[in-house]
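Undergrad: take a look and give me a structure for this.
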Amino acid sequence: MIAIQSLTIRFSGLAAVDDVSLTVGEGEAVGVVGESGSGKSTLLRAVAGLVAPDAGRVLLNDRPVVATDGGGAARGLVARRARARLMQMVFQDPSTALHPRHTVDRILAEPLAIHGIGDTEPRILGALADVGLDAALRFRFPHQLSGGQRQRVAIARALILEPRVLLLDEPTSALDVSVQAEVLNLLDGLRTARGLTVLMVGHDLAVVAHLCSRALVMHRGQAVETLTRDDIHAGRATAPYTRALLAAARDPRVSGSAAKG
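TA: As a prediction, the model looks like this:
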């Protein structure tokens, strides 16, 4: 469903992503892990079509997400509107991802209006129920919700168009530890029920392993190695950088601080 082929992205001449390749099969959940500045979020934004590559390409269901500089990939390009129906993204901080002056109702109704989808009322109520939110929250503003509730609204907005691909940019890192597992379990249940293809970035290997069957480790823009969920749980890693990430995740004194870089 997702094919990242020899992708390179440069900012001011420096490679934020350096010749990285990765595939994600339909219905599979794959993670990309690394400290801040490793290039993982830039990689995710390239998959979303928000960043154009300097070299290589990203394919979504065998079609290029954005055209290359030479225009060679323009044929068969996934149209922006069609891409939004096929793929949606949940951002890291729901406080900034949701419009502060829009109610939950308006936030969920907007993508339906943009795509000309009717039956707004039952779709909004169904979306709230799917993420475990009471319909009574429908006319509240984001500041009237908890952090976990705001992230559930962001997930509901991403899924209301019924996409096949979900991109997750550290979806629990801005939440209290007490609600992180709840949101991860929600995402895992929705992925299973809907057969979603998921690409998730994060800095915590244990969090990514909760949702993903394997994870690509990145460091300074480059792919270091790929670990399965079993590898992560068993602490098996080849590269010194990956071993350091695993050690940080196991050490309560540094997890959540040094692991972020």
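
Undergrad: for residue 228, see how far away residue 236 is.
TA: Going from residue 236 to residue 228 by C-beta to C-beta, to the nearest Å gives 9 Å. (Each C-beta comes from the backbone N, C-alpha and C, glycine too.)

Undergrad: residue 143 belongs to a helix?
TA: Yes. Counting by DSSP: H, G, I helix; E, B strand; the rest coil, residue 143 is found in a helix.

Undergrad: what number of residues are in the vicinity of it?
TA: 10 (other C-beta atoms under 10 Å).

Undergrad: can you check what pLDDT the model gives it?
TA: Looking at residue 143, its pLDDT is 96.

Undergrad: kindly report the same for residue 84.
TA: The model's pLDDT for residue 84 equals 89.

Undergrad: what's the answer for residue 73, then?
TA: Looking at residue 73, its pLDDT stands at 41.

Undergrad: scan the chain for its longest helix.
TA: What stands out as the longest helix in the chain, according to DSSP state H, is helix 177-194.

Undergrad: what's the first helix or strand after the host helix or strand of residue 124?
TA: Under the criterion of DSSP states H and E, residue 124 resides in helix 120-130. The helix or strand immediately downstream of helix 120-130 is helix 147-159, counting by DSSP H and E.

Undergrad: please compute how far that next one lies from its chain's middle.
TA: Here helix 147-159 is found 13 Å from its chain centre; the criterion is C-alpha atoms, centre = their mean, to the nearest Å.

Undergrad: need the contact partners of that helix.
TA: 88-91, 94-95, 97-98, 104, 107-108, 111, 127-128, 130-133, 137, 142, 145, 166, 171-172, 174-176, 179, 182-183, 186-187, 190, 194 (C-beta atoms under 8 Å, 6 or more residues apart in numbering).

Undergrad: same question, stretch 18-28
TA: Contacts of stretch 18-28 (C-beta under 8 Å, 6+ apart): 1-8, 30, 32, 39, 43, 55-56, 164, 195-199, 213, 216, 218, 220-223.

Undergrad: let's see 6 Å
TA: 1-8, 30, 195, 197, 199, 216, 221-223 (C-beta atoms under 6 Å, 6 or more residues apart in numbering).

Undergrad: got it, and stretch 42-61?
TA: 1, 3-10, 16-17, 64-66, 73, 78, 89, 167, 169, 201.

Undergrad: again, 7 Å this time
TA: 1-10, 16-17, 20, 32, 64-66, 68, 73, 78, 83, 86-87, 89, 165, 167, 169, 199, 201 (C-beta atoms under 7 Å, 6 or more residues apart in numbering).

Undergrad: just the buried residues of the residues you listed.
TA: By the neighbour-count criterion of 16 or more other C-beta atoms under 10 Å, these include these buried positions: 1-5, 7-9, 16-17, 20, 32, 64-66, 73, 78, 83, 86-87, 89, 165, 167, 169, 199, 201.
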